[in-house]
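Trainee: Fold the following and give me the result.
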Amino acid sequence: MKILVIGLDAAVPELLFGDEKLTNIRRLMEAGSYGRLESIIPPITVPAWMCMATSQDPGSLGVYGFRNRSDHSYNGLGFVNSKSVQELSIWDQIAREGKRSVIIGVPPSFPPRKVNGICVGCFLTPDTNTDNYTHPAAVRDQIRELVGEYPVDVKGFRTNNKAWLLDEIYAMSLKHFQNVRHWLRNSDWDYFHFVEIGLDRLQHGFWKFHDSRHVLHDPGNEFAEVIREYYRYLDTELGSILELLDEETVVVVASDHGAQRLDGGFCVNEWLVREGLLVLNEYPKQITPFSQLGVNWDQTKVWSEGGYYARVFFNVRGREPNGVIDPADYEKFRDDLKARLEATTDENGRALGTMVFRPQEIYRHVRNVAPDLIVHFGGLYWRSIGGVGYDSIHVQENDTGPDDCNHSQFGSFILAGAGLPAVGEVSGVHLMDLAPTLLEIGGYDIPTSMQGRSLVGEMPQIETGFAPDGEELIRQRLSGLGYI
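Mentor: Below you'll find the model as predicted:
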């Protein structure tokens, strides 16, 4: 039995399941099970795909986003790479049982993972022209011969030049799928997992044209159907992939999170300055990124990193170099700040609906240097803006360039293939449930470290491991030996 995971970064359930023109998607839906897929907190590409592959939460991986504190200094943020995640993944378990995998574009996969098979780097690869982004290294030459220059991402996708962006996303995705089909045909694999990042980039670039509820929506615009058309393009590519598979292949279509409109940005460090919790040596005369601010660490209690969500850090005595908060007051201070953040309002004084999480309460383990609080402003309808120097706490512009949407808590999944029943729509499935489910379906052992549950027991008539006649032969043999 083979397993193929088709990763569509940020695929939205309503768009993936609700369009009858997605004929190949509907074919899989009708043949198996599908539904909303609950993501991790925070629902962000890194570490979400590896949480799926390892069935462990971000705290257990010790990875809380693209950049993480490497120590308790004030400037010790480091970028994630493939070496940041050491825990056993589904392809590692398959390798332990002598099977081979092909991993393409699964973040983070630069430097390329030394899998038992093939690994092609993800969008975190600096430059495919100069960096070795494949394992084995010779795969890079084969990709260049196949598609020419291989784009792992659209450089500068946060742009107002939407016509250019659309062309670049399609050009990238066409090469990605050409590469995927090549290795489906021409490599020895038992597990195949690839992630297409184009959908995420398209939604960030075009959501306001698509969603009439977006604050910047322009009715009747020329890009109104761009997002739906790209889903239909993906469906066509999916059809070309399904034609290459045999009847013994299990197929999963999955996303790491969903997408939703972005109503604005909440300037979290600006708010902390006004609350007296972040103290600057001098207030900037223009909008300034946090990393360039002169912070008075002897008086500062709290600071934050911006992004799709906020990571809030405390300046604790004995932990940070110039810590201010007494460790004995830590929990009381954290409870108070949590309540204050949850009470944040929009520019009209209406409650944002901000959600604030303590890592110790949402993760099984909290490893490496975790944020003291994780904040979803407005339930992720608002982005966290890290700079200081704004006239208002609430802004429409983004500190990293034009961006129309944020991530949402629920992505999508479809599970269909050999021996799987046509269950239809199911609920209550979590991102971390997929790895143990696929391992059990494939007849592999499930590592005890995995935190999700296998869905096999919830699907009647599912075939796993031994064929029925093989299981009966083993039963007879064990009975003859006196074991049963």
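Trainee: wait, what's in contact with T134?
Mentor: Contacts for T134 (CB atoms under 8 Å, 6 or more residues apart in numbering) come out as P112, I118, C119, V120, G121, R140, I143. Where you see a C-beta, it was placed from the backbone N, CA and C, and this is true even at glycine.
Trainee: Before we move on, what's the pLDDT of it?
Mentor: Note for T134: predicted pLDDT of 98.
Trainee: okay, now N368: neighbour count?
Mentor: Neighbour count of N368, defined by other CB atoms under 10 Å: 14.
Trainee: again, but for P321
Mentor: Per other CB under 10 Å, the neighbour tally for P321 reads 10.
Trainee: same deal with G424?
Mentor: If you count neighbours by other CB under 10 Å, G424 ends up with 11.
Trainee: and it, what are its bridge partners?
Mentor: S33 (DSSP bridges).
Trainee: Thought L28 was touching it, still the case?
Mentor: No - between G424 and L28 there is no contact, the gap being 11.9 Å when judged by CB atoms under 8 Å.
Trainee: Any chance you could list residues touching both of these two?
Mentor: Shared contacts of G424 and L28 (CB under 8 Å, 6+ apart): Y34.
Trainee: now the strands for the stretch 51-200 of the chain?
Mentor: According to DSSP state E, counting those that start in this stretch, the stretch 51-200 of the chain carries its strands in the segments 67-69, 77-79, 101-104, 117-120, 134-135, 191-196.
Trainee: Make TSV from those and add distance to E270 to it.
Mentor: Shown next, in TSV, are the strands of the stretch 51-200 of the chain (distance: least, CB to CB, whole Å):
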stretch	distance to E270
strand 67-69	20
strand 77-79	20
strand 101-104	41
strand 117-120	41
strand 134-135	43
strand 191-196	35
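Trainee: For the nearest residue to M450 once chain neighbours are set aside, list the residues it contacts.
Mentor: Take M450 and drop its neighbours on the chain: the residue closest to it by CB to CB, 6 or more residues apart in numbering is S55, 3.5 Å away. Applying CB under 8 Å, 6+ apart, we find S55 in contact with I90, M432, D433, L434, A435, P436, S449, M450, Q451, G452.
Trainee: For burial, what's the neighbour tally of the fourth one?
Mentor: Counted with other CB under 10 Å, the burial measure for L434 works out to 24 neighbours.
Trainee: In a helix, I241, correct?
Mentor: Yes - assessed by DSSP: H, G, I helix; E, B strand; the rest coil, I241 belongs to a helix.
Trainee: quick one on the thing from earlier: closest one to G411 among the strands of the stretch 51-200 of the chain?
Mentor: The minimum distance between G411 and the strands of the stretch 51-200 of the chain falls on strand 191-196, with 12.1 Å, by CB to CB.
Trainee: picking that back up, please identify which of the strands of the stretch 51-200 of the chain is closest to R317.
Mentor: With CB to CB as the criterion, R317 lies closest to strand 67-69 of the strands of the stretch 51-200 of the chain, at 17.4 Å.
Trainee: What ranges does the stretch 251-400 of the chain have for its helices?
Mentor: Using DSSP state H, counting those that start in this stretch, the helices of the stretch 251-400 of the chain run over residues 268-274, 330-342, 359-362.
Trainee: Give me whichever of the ones you listed is most buried.
Mentor: Mean neighbour count (mean count of other CB atoms under 10 Å) peaks for helix 268-274 among the helices of the stretch 251-400 of the chain, with a mean of 22.
Trainee: relative to strand 191-196, how tilted is the longest helix anywhere in the chain?
Mentor: In the chain, taking DSSP state H as the definition, the longest helix is helix 162-186. Going by axes from the mean of the first three to the mean of the last three CA atoms, to 10 degrees, helix 162-186 is angled at 170 degrees with respect to strand 191-196.
Trainee: Show me what counts as buried in helix 162-186.
Mentor: Neighbour-count burial for helix 162-186, with 16 or more other CB atoms under 10 Å as criterion, is recorded at 162, 165-166, 168-170, 172-173, 175-177, 179-181, 183-184.
Trainee: out of the contacts of S55, which are buried?
Mentor: Buried by 16+ other CB under 10 Å: I90, M432, D433, L434, A435, P436, M450, Q451, G452, out of the contacts of S55.
Trainee: could those residues go into CSV alongside secondary structure and distance to Y330?
Mentor: Shown next, in CSV, are these (DSSP: H, G, I helix; E, B strand; the rest coil; distance: CB to CB, whole Å):
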residue, secondary structure, distance to Y330
I90, helix, 38
M432, helix, 29
D433, helix, 34
L434, helix, 36
A435, helix, 35
P436, helix, 36
M450, coil, 32
Q451, coil, 27
G452, coil, 31
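Trainee: Among those residues, which one lies nearest to V324?
Mentor: If you rank the buried ones among the contacts of S55 by distance to V324 using CB to CB, Q451 comes first, at 35.5 Å.
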